[in-house]
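S.K.: Sequence plus predicted model, see below.
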Amino acid sequence: MKRLLALLLASLMVVSLFSACSKKADEPKDEPAKEETKEETKEEEAPAEEAPAEEAPAEEGGVQMSANGEVPIVSDKMDFTVNCRQVSNVLDMPTNEFVLWLEDVTNIHINYEMTPEDSIAEKTNLILASGQYPEAFQYSAINTTLQVKYGAQGAFVDLAPYFDQYGKYVNEAYAATTYLPKAITTPDGNIYCIAGVNECYHCFHAGRSWINDVWMQDLKLETPETIDALHDVLVAFRDNDCNGNGDASDEIPMIGTGYNNGTWNGYTANWILESYHYDDYNMETAIRDGHVTYEATTDEYKEGVALIRDWVAEGLIDNEFMSITGDELSAIGMQEDPTIGLAIAALWWPAVGQMQIEDSNGLWRERNYKALSNVEGPHGVRNTLSDTEGIGGNLVITSACSAPEVMFRWADYQLSDEASIRAYAGSYEHSVSEPDEGALGINREPALYKIEMGSDHAMADTNENCDNVAISNKSGRIRLGQQTDWDDPEAYWDSEARLYVDTFEYFAPFDATDQRVPTLVMNEEDSNLRSELETPIRDYQREWLSYFALGQKDLDADWDEYVSGFDGLRLQEYVELLDKYYQIEYVNA
């Protein structure tokens, strides 16, 4: 009651200033009242009158805006047209709860032109080629190559000076990273987008695997730490009727999926190769001795492929591991009797479900599988896939924009804590509230917000949040700031909590970020060259990996033919191109 009276008094005293006052970003609108503390009591006893927010001076011919970081951004509502990717978790952008809230607080209305996700690249290119641009592209297919190309032509606004002139929350968000704004800065120093931050902790080390712990216990096996120990575990899975159904031949010791077949990082070969060299699951490039190298022609790679070939021949790896689809993996993993010993996938549910099937011990099947770290190879190598650049979707402002500085401010506000939490987790009006006093987040740091029990904030049919569309600051601090009751043993089984704990415990200790080729921003000519060379090189390497692994080519007799085949694909030119920019942007910067 005391807090309510104080707030009413304050409202009466500043009513004459209302039109000039601005709401600060980290004071969520319509939040439930927090429990009173001594500090809050002191603030309430202080004079209630508040000075009006300063307005930023308008550029000549520009728009008068509030001070950086303050909302509403403009006093009279402004409209902008934005082309945006349509994603499945947002039913309807014009009526989305986050979008309407953002309009209310910023006084900026967006007329959205939606582009289906499955045709985003094609349609974005058609728009760019037409020269008839929207005022901005949001979460589009405009990568750094297109930014450099069309930015140089004047189609996109260079936002580099805007960060100092109009930025607040974007600057704070980028300052907390080691890779922004470098990762979006072109070689000539221009910046043609505002990128969101998406520090998905479990995405940083997403080359994971899941082992049947019930089988491990029944067979009295220890968790394998080396490639040889893993071999022995897989042999035990192969040779025993682990699921107890009377058929000792239906167990699959190790399984994943083929490339781009619908399962995130289900690549069996790449997971194994981490025990021989750093494998990036993509172009087989790495950093060695301060330079970019190509790994798939090295002796280490050859030795790893030899092991894969041998394990396929022994029946330890499914012999269709290069072609299995995500749907096929799920069908195998969701049979009545569990058949999978070790599943390769970033997430467990494509292989063994998520609260979909119970096993004979009365547990959901996924609870019978635990994370398995990458194992140590014969020469002491033990890496895990590492990608610690958390760059989210972006906003590109075009030359057609009537007020690019206002559009920049609109994007900047989305990186505030309140906007980021609302976009990611849901609204304070329905799903989200302030955390309980003393509560901890997923990361066991003080919680930043609480998702109300029973909330369906993450369900698409609520049209409440705007995740993966808003230009938000999903830093690790915010993503992992969700209140979690770690005194409750069930808390671990929440998917986000489990992924955090398992990644922290089983994969982060083998981080190989120093061996990963970081984001490289090239000029238009070199960027086009890179795109031209990459697909043929990658396809050729994967084709021969399949030949060697399945015994269709002899690894020793045909190795030289394989290596020489890269000459016609200009592999050396490709590696030198990457290394040139790596030296410029990271070694000599």
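M.R.: Looks like it arrived, so ask away. Numbers count the residues shown, from 1 in each chain.

S.K.: does residue 85 sit in a helix, a strand or a coil?
M.R.: strand (DSSP: H, G, I helix; E, B strand; the rest coil).

S.K.: So for it, what's the nearest residue that isn't a sequence neighbour?
M.R.: Nearest non-adjacent residue to residue 85, counting by CB to CB, 6 or more residues apart in numbering: residue 139, 4.5 Å away. C-beta coordinates here come from the backbone N, C-alpha and C atoms, glycine included.

S.K.: Does that neighbour touch residue 394 like I think?
M.R.: Yes. At 7.2 Å, residue 139 counts as touching residue 394 under the criterion of CB atoms under 8 Å.

S.K.: Residues that sit against both of these two, list them.
M.R.: When contacts are counted by CB atoms under 8 Å, 6 or more residues apart in numbering, residue 139 and residue 394 are jointly contacted by residue 471.

S.K.: What segments of the stretch 101-250 of the chain are helices?
M.R.: 120-130, 144-152, 160-166, 169-175, 201-204, 213-218, 227-239 (DSSP state H, counting those that start in this stretch).

S.K.: per-residue confidence averaged over the shortest one?
M.R.: Taken as a whole, helix 201-204 has a mean pLDDT of 94.

S.K.: Repeat that for the first one.
M.R.: Per-residue pLDDT over helix 120-130 has a mean of 95.

S.K.: same for it, what does it pack against?
M.R.: Other elements packing on helix 120-130 under the criterion 3 or more CB pairs under 8 Å, 6 or more residues apart in numbering; DSSP states H and E are strand 78-86, strand 108-116, helix 144-152.

S.K.: what's around residue 314, how many residues?
M.R.: A count of neighbours around residue 314, defined by other CB atoms under 10 Å, yields 13.

S.K.: Please list all residues in contact with it.
M.R.: 235, 238.

S.K.: Can you check the pLDDT for it?
M.R.: 98.

S.K.: and what of the one 4 residues further on?
M.R.: At residue 318, the pLDDT value in this model is 89.

S.K.: My guess is it contacts residue 254. True?
M.R.: Yes. With contact defined as CB under 8 Å, residue 318 counts as touching residue 254 (7.1 Å).

S.K.: between those two, which one's more packed in?
M.R.: Neighbour count, other CB under 10 Å: between residue 318 and residue 254, residue 254 has more, with 26 against 20.

S.K.: Tell me, what's the model's pLDDT at that one?
M.R.: Looking at residue 254, its pLDDT stands at 98.

S.K.: and residue 105, how many neighbours?
M.R.: For residue 105, the neighbour count with other CB under 10 Å is 19.

S.K.: so how far is residue 70 from it?
M.R.: 10 Å (CB to CB, to the nearest Å).

S.K.: any idea of the angle the longest helix along the chain forms with helix 144-152?
M.R.: Longest helix in the chain, counting residues (DSSP state H): helix 524-549. Interaxial angle, helix 524-549 versus helix 144-152 (axes from the mean of the first three to the mean of the last three CA atoms, to 10 degrees): 170 degrees.

S.K.: and helix 524-549, average pLDDT?
M.R.: Average pLDDT, helix 524-549: 96.

S.K.: How about stretch 160-177?
M.R.: Averaging pLDDT along stretch 160-177 gives 97.

S.K.: Stretch 402-417 too?
M.R.: Taken as a whole, stretch 402-417 has a mean pLDDT of 98.

S.K.: So for that stretch, what gets flagged as buried?
M.R.: 403-417 (16 or more other CB atoms under 10 Å).

S.K.: Next: stretch 565-584.
M.R.: 566, 569-571, 574-575, 577-579, 581-582.

S.K.: Make a markdown table from those residues and add secondary structure to it.
M.R.: Listed next are the buried residues of stretch 565-584 as a markdown table, based on three-state DSSP:
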| residue | secondary structure |
| --- | --- |
| 566 | coil |
| 569 | helix |
| 570 | coil |
| 571 | helix |
| 574 | helix |
| 575 | helix |
| 577 | helix |
| 578 | helix |
| 579 | helix |
| 581 | helix |
| 582 | helix |
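
S.K.: Out of those, which comes closest to residue 555?
M.R.: Among the buried residues of stretch 565-584, residue 566 lies closest to residue 555 (CB to CB), at 16.2 Å.

S.K.: which residues touch the closest one?
M.R.: Applying CB under 8 Å, 6+ apart, one finds that residue 566 lies in contact with 294, 297, 537, 540, 572.

S.K.: Skipping adjacent residues, who's closest to the third one in space?
M.R.: If you skip the residues right next to it in sequence, residue 537 has residue 569 as its closest partner in space, 5.1 Å away by CB to CB, 6+ apart.

S.K.: gap between the one you found and residue 543?
M.R.: 12 Å.

S.K.: Likewise for residue 87?
M.R.: 33 Å.

S.K.: Likewise for residue 171?
M.R.: For residue 171, the distance to residue 543 equals 46 Å [CB to CB].

S.K.: The two: which has the busier surroundings?
M.R.: residue 171 (18 against 13).

S.K.: which stretches of the stretch 451-589 of the chain form helices?
M.R.: 476-479, 495-502, 524-549, 559-564, 571-582.

S.K.: Do you have the helices of the stretch 301-450 of the chain handy? List them.
M.R.: Counting by DSSP H, counting those that start in this stretch, the helices of the stretch 301-450 of the chain are 326-333, 349-352, 404-414, 417-425.

S.K.: how about CSV for these, with distance to residue 305 added?
M.R.: Shown next, in CSV, are the helices of the stretch 301-450 of the chain (distance: least, CB to CB, whole Å):
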stretch, distance to residue 305
helix 326-333, 22
helix 349-352, 24
helix 404-414, 46
helix 417-425, 41
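
S.K.: what's the closest of those to residue 188?
M.R.: Nearest of these (CB to CB): helix 404-414, 18.9 Å.

S.K.: Tell me which other helices or strands the closest one touches.
M.R.: Using 3+ CB pairs under 8 Å, 6+ apart: helix 404-414 touches strand 65-66, strand 78-86, helix 97-106, helix 160-166, helix 169-175, strand 194-198, strand 391-397, helix 417-425.
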